[in-house]
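what follows is a predicted protein model with its sequence.
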Amino acid sequence: MLPSVFYLNLDSLELQAERTVDPTLKTRPIAIISSIDSSGTIVSLSHEAKEEGLYKGMKVSIAKKKTHMVQFLPYNRVLYQRVNKYAYDTLSIFTPVIEPKGMSGFYMDMKGIAIHKKNTKDIGLSVIDKIESRINLCSVIGISTNKLISKIITNVTFNSIHEVCPGSEDCFLAPLNFDVLPTARLDSVYRILKFLLIDKIHQIQVLSQRTLDFRTLFGIHALQLANEASGKDSSLVRTPILKDHLLEQTVLPRDTNDKNIIVPIIQNLAEKIAFQLRKRKQIAKKLMLEIHYIDGYSSNKSTSIDFLDDISISKVCKKLFFKVNTRRISVRSVLLDVSQFKPFVEQRNLFFISESRDMKISKAIEKVRLKHGVKSIKRANVLQALG
């Protein structure tokens, strides 16, 4: 049995996701920004961008003045959530108890999981290999008896996998800087530690032995800080309640605002969504179309859909595009996000109407796609737009 908690850290998930979607970015200096406004900041950046003098947290206005070599990308939350969901599904192979931590981290409760002829590090390596083979992302894993230590491991070690054995948590923490402890980063606690000239966790461990003085200094935070300094954490790994979404996204073959190229691509995405909705026999209260421009700006509009045929959903998406695309700047990517599903109840009509013909066409195409795959049949304008 494995009495252990794994923490998997997908280092710079945003950066890895962008380079997976668009391989041309793999050797280019790129920075992912929170907003194109002057108050926006750099969320993640490549090694090449760091060499240009940029750093995480730098304001976008300053970064753009500093260099013209770096490509600034908008924070594509929907894409990153999709990659995060892929990672979650992959980790579910190893354990049913998984708790996401932000966009890039996952706690895995391995207690009660029987692994024959393998130790914890072997399982950790299997997890890393599976993530890399399935979604082409690099990751690191920390292994210990609790969530606190497992997460800290991935922040302070350079190995792809590291394990802290039960009972050695305080020795592992002792030489580390105190700011790896969550409670130590609270403003009131941080100021006191700095005033006391404390910089290592070992000093907190020694000070915590003087219980009354420790409580006087840190008040309501004293007990939690003392527990963290000794590597104690009783919090459980909790599985989240996941929201149901259908997502489809395309990065344009080249940056453009030519509707003759973008509209067919939107039509292709709409048909993929329609295909999935028919399989589920559901319609959606919310269909959001979002476009991302090359300057980091993004815009979106939403509506509902009450039908399942390709032509009707394509028309809705085209209307959304013309409403949302109010700029002349080139578009980099287009995304459709469908949610808030409800059952589709088909009503038979005694008279021939165009809608029934559209559905028949959609179902005929669907038979081909079910047999040969979604990409097996495309409209001519879509093939031309995608090159």
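Now that the structure is in, tell me what you want to look at.

what's the local residue count around the spatially closest residue to Ser208 that is not a sequence neighbour?
Spatial nearest neighbour of Ser208, chain neighbours left out: Ala226 (4.1 Å); criterion: CB to CB, 6 or more residues apart in numbering. In short, each C-beta sits where N, CA and C put it, glycine included. Per other CB atoms under 10 Å, the neighbour tally for Ala226 reads 20.

ditto for Val180
Other residues close to Val180 by other CB under 10 Å number 17.

on the pLDDT front, check it for me.
The model reports Val180 with a pLDDT of 95.

now do the host helix or strand of the residue nearest to Ser208, average pLDDT.
Per DSSP states H and E, Ala226 falls inside helix 222-229. Throughout helix 222-229, pLDDT has a mean value of 96.

for that helix, packing partners?
Here helix 222-229 touches helix 201-208, helix 211-218, going by 3 or more CB pairs under 8 Å, 6 or more residues apart in numbering; DSSP states H and E.

buried sites along the first one?
By 16 or more other CB atoms under 10 Å, the buried positions in helix 201-208 come out as Ile201, His202, Gln203, Ile204, Gln205, Leu207, Ser208.

just those residues now: which is nearest Met288?
Ile201 (45.5 Å; CB to CB).

what's the closest non-adjacent residue to the closest one?
Leu173 (4.6 Å).

list the buried residues of stretch 211-227.
Buried residues in stretch 211-227 (16+ other CB under 10 Å): Phe214, Leu217, Phe218, His221, Ala222, Gln224, Leu225, Ala226, Asn227.

CA atoms only for the following helix or strand past the helix holding Ala226, dumped as PDB, please.
Of the helices and strands lying after helix 222-229 in sequence (DSSP H and E), the nearest is strand 245-256. C-alpha atoms of strand 245-256 as PDB (Å, rounded to 0.1, in the frame of the first residue of the first chain):
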ATOM      1  CA  HIS A 245     -18.300  22.000 -21.000                       C
ATOM      2  CA  LEU A 246     -17.700  21.300 -24.700                       C
ATOM      3  CA  LEU A 247     -14.700  23.200 -26.100                       C
ATOM      4  CA  GLU A 248     -13.300  23.600 -29.600                       C
ATOM      5  CA  GLN A 249     -10.500  25.900 -30.600                       C
ATOM      6  CA  THR A 250      -8.400  26.600 -33.700                       C
ATOM      7  CA  VAL A 251      -5.200  28.600 -34.100                       C
ATOM      8  CA  LEU A 252      -5.400  30.200 -37.500                       C
ATOM      9  CA  PRO A 253      -2.800  29.000 -40.000                       C
ATOM     10  CA  ARG A 254      -1.700  32.600 -40.300                       C
ATOM     11  CA  ASP A 255      -2.700  35.800 -38.400                       C
ATOM     12  CA  THR A 256      -5.400  37.500 -40.300                       C
END
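
okay, now the domains of this structure?
Using automatic domain parsing, the domain parsing of the chain gives 1-166, 170-229, 245-386.

the residue nearest the centre of the chain: what secondary structure?
In the chain, the centroid-proximal residue (CA atoms, centre = their mean) is Tyr80; its distance is 3.1 Å. Three-state call for Tyr80 (DSSP: H, G, I helix; E, B strand; the rest coil): helix.

now the protein, which segments are flagged as low pLDDT?
Scanning the chain for pLDDT under 70 picks out 1-3, 37-38, 112-118, 241-243, 296, 346-359, 362-363, 366, 368-387.

which stretches in it count as strands?
With strands called from DSSP state E, the chain shows them at 5-9, 30-33, 42-45, 71-74, 98-101, 105-109, 140-144, 161-163, 245-256, 282-293, 298-305, 331-343.

any chance of the ones you listed in CSV, with distance to Leu54 and mean neighbour count too?
What follows is those, written out as CSV (distance: least, CB to CB, whole Å; neighbours: other CB atoms under 10 Å):
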stretch, distance to Leu54, mean neighbour count
strand 5-9, 22, 25
strand 30-33, 6, 24
strand 42-45, 6, 22
strand 71-74, 10, 21
strand 98-101, 26, 18
strand 105-109, 24, 23
strand 140-144, 23, 25
strand 161-163, 29, 20
strand 245-256, 22, 16
strand 282-293, 20, 20
strand 298-305, 21, 16
strand 331-343, 20, 19
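
wait, the residue nearest to Ile201 sits on Asn227?
No: judged on CB atoms under 8 Å, Leu173 makes no contact with Asn227 at a distance of 11.4 Å.

the helix holding Ala226 to helix 201-208, inter-axis angle?
With axes from the mean of the first three to the mean of the last three CA atoms, to 10 degrees defining the directions, helix 222-229 sits at 140 degrees from helix 201-208.

contacts for helix 222-229?
For helix 222-229, the external contacting residues (CB atoms under 8 Å, 6 or more residues apart in numbering) are 148, 170, 173, 181-184, 189, 201, 204-205, 208, 214-215, 218, 233.

and that helix, how far out from the chain middle?
31 Å (CA atoms, centre = their mean, to the nearest Å).

same check on stretch 6-25?
9 Å.

what's the end-to-end length of that stretch?
31 Å (CA to CA, to the nearest Å).

now do stretch 15-33
Start and end residues of stretch 15-33 are separated by 11 Å (CA to CA).

list the buried residues of that stretch.
Those buried within stretch 15-33 under the rule 16+ other CB under 10 Å are 15-19, 21-22, 25, 29-33.

pretty sure Ala31 sits against Met69.
No: taking contacts as CB under 8 Å, Ala31 lies outside contact range of Met69: 10.6 Å.

can you count the residues close to Asp187?
Neighbour number of Asp187 under other CB under 10 Å is 7.
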